[in-house]
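In: need coordinates for the below:
(one chain, ligands or ions: 1)
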Amino acid sequence: MRWHLRSLPPFPFDRARLSHLNGRHLHAPPGGRCLEIRGLVKRFGGLRALDGLELEVRRGTITGLIGPNGAGKSTLFDCITGFTVPDGGQVLLDGEDITGMAPHEVFARGISRTFQIPRLHRRLSVLENLMLVPPGQLGERLAGPWLRPGAVRRQEEAIRRRALEVLDLLELTRLAHAPAEHLSGGQRKLLELGRVMMADPALVLLDEPGAGVNPTLMRTLAAAIERLREERGITFLVIEHDMELVARLCDEVVVVSEGRKLTAGPPDAVRKDPAVVEAYLGDPRATVGVET
Ligand SMILES: Nc1ncnc2c1ncn2[C@@H]1O[C@H](COP(=O)(O)OP(=O)(O)OP(=O)(O)O)[C@@H](O)[C@H]1O
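Out: Here you go, the predicted model:
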């Protein structure tokens, strides 16, 4: 029986200690293509939410995904993660075609996501929300606690330790035993990122992490994302409307409009691109977001 969680390393992350784990992202060199979207099409009745979308996300980068409301950003996340099956095109992860795979198959390949409205177990505590994430826990099996009580206990302790480390990183320790429903909107976003961290992903898709988050929590959130990229080499694709956050976090920004890629490039260049400004505001003389 596999007991992979026993070997989970503590935070702060240490690449050398992690190398014995099987995460392909830990061995793959940064900068190569992690995610490729080729000609993706998704129709809802007569509406083409994705209309031949093409984009690439390089390994180890934080890539922003921006575009006006209804551009198709969330639909893209749904297609990547198996929540929606596209009508055409391909999703490639590290060169493997994962188009149309079920959500659990995509998750098993190292892709985790968050949602615009965090999906948490509201009645469970913050700590329990984290501890539920790692799959294949021995205690969940009917006979596990009877046949291997020591192994179940040790595994649970390892998961608890890791969850406490995640809470520490996200500055949520004092809320460990509070029910998730008592958290503020911003704290829920942090907890959702924590759940993603418990899954040890290679690629993380964040859907509007900054929405409804106050400036202090935003700094904690941004710092955690940067740290995960630096120390774990985790790749991020981030839908975000807050251009200040995009400018701070992202190496590259992809702009989508009406289900297609409009342009891509460094945040500053993209923000001043007349085509982008027009897509957002209908006025090529304006600029998108705040000046930094
Ligand atoms: N399940 C669905 N059924 C019908 N239409 C849908 C469905 N999901 C999305 N759409 C439509 O597809 C288009 C793209 O929606 P999507 O949510 O992907 O856009 P978005 O870029 O994420 O927008 P926002 O920034 O407002 O969240 C929209 O016109 C939306 O109304």
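In: could you use CA atoms for every contact and neighbour count after this?
Out: Will do.
In: now do the helices in the protein.
Out: For the chain, the helices defined by DSSP state H cover 15-18, 24-27, 73-81, 103-108, 126-131, 144-147, 149-169, 185-198, 215-232, 243-249, 267-272, 274-281.
In: buried set for the fourth one?
Out: This means helix 103-108. Pro103, Val106, Phe107 (16 or more other CA atoms under 10 Å).
In: also stretch 157-166?
Out: Neighbour-count burial for stretch 157-166 [16+ other CA under 10 Å]: Ala158, Ile159, Arg160, Arg161, Arg162, Ala163, Leu164, Glu165, Val166.
In: same question, stretch 213-224
Out: So for stretch 213-224, counting by 16+ other CA under 10 Å, buried means Val213, Leu217, Met218, Leu221, Ala222, Ala224.
In: kindly report the same for stretch 46-66.
Out: Applying 16+ other CA under 10 Å to stretch 46-66 flags 48-66 as buried.
In: how about that stretch, does it get close to the ligand?
Out: Yes - Stretch 46-66 reaches the ligand (CA under 6 Å from any ligand atom) through Ala49.
In: can you list the weak-confidence ranges in the stretch 101-250 of the chain?
Out: For the stretch 101-250 of the chain, the stretches with pLDDT under 70 are 135-151.
In: restricted to strands, list the buried residues of stretch 46-66.
Out: Members of the buried residues of stretch 46-66 lying in strands (criterion: DSSP state E): 48-58, 62-66.
In: out of the residues you listed, which is nearest to the ligand?
Out: Checking these against the ligand by CA to the nearest ligand atom gives Ala49 as the nearest, at 4.3 Å.
In: contacts only, for Asp207.
Out: Contacts for Asp207 (CA atoms under 8 Å, 6 or more residues apart in numbering) come out as Ser74, Arg113, Thr114, Phe115, Gln116, Val238, Ile239, Glu240.
In: who's the nearest residue to the fourth one once chain neighbours are set aside bridged to?
Out: Looking back up the chat, that one is Phe115. Closest residue to Phe115 apart from its sequence neighbours, by CA to CA, 6 or more residues apart in numbering: Asp207 at 5.2 Å. Legend: beta-bridge partners of Asp207 under DSSP bridges are Ile239.
In: can we start the residue count at 835 from this point?
Out: Yes, from this point I'll number from 835; that puts the last item at Asp1041.
In: distance of Asp1041 from Leu1062?
Out: Asp1041 is 17 Å from Leu1062, where distance means CA to CA, to the nearest Å.
In: one more: Ile871?
Out: 24 Å.
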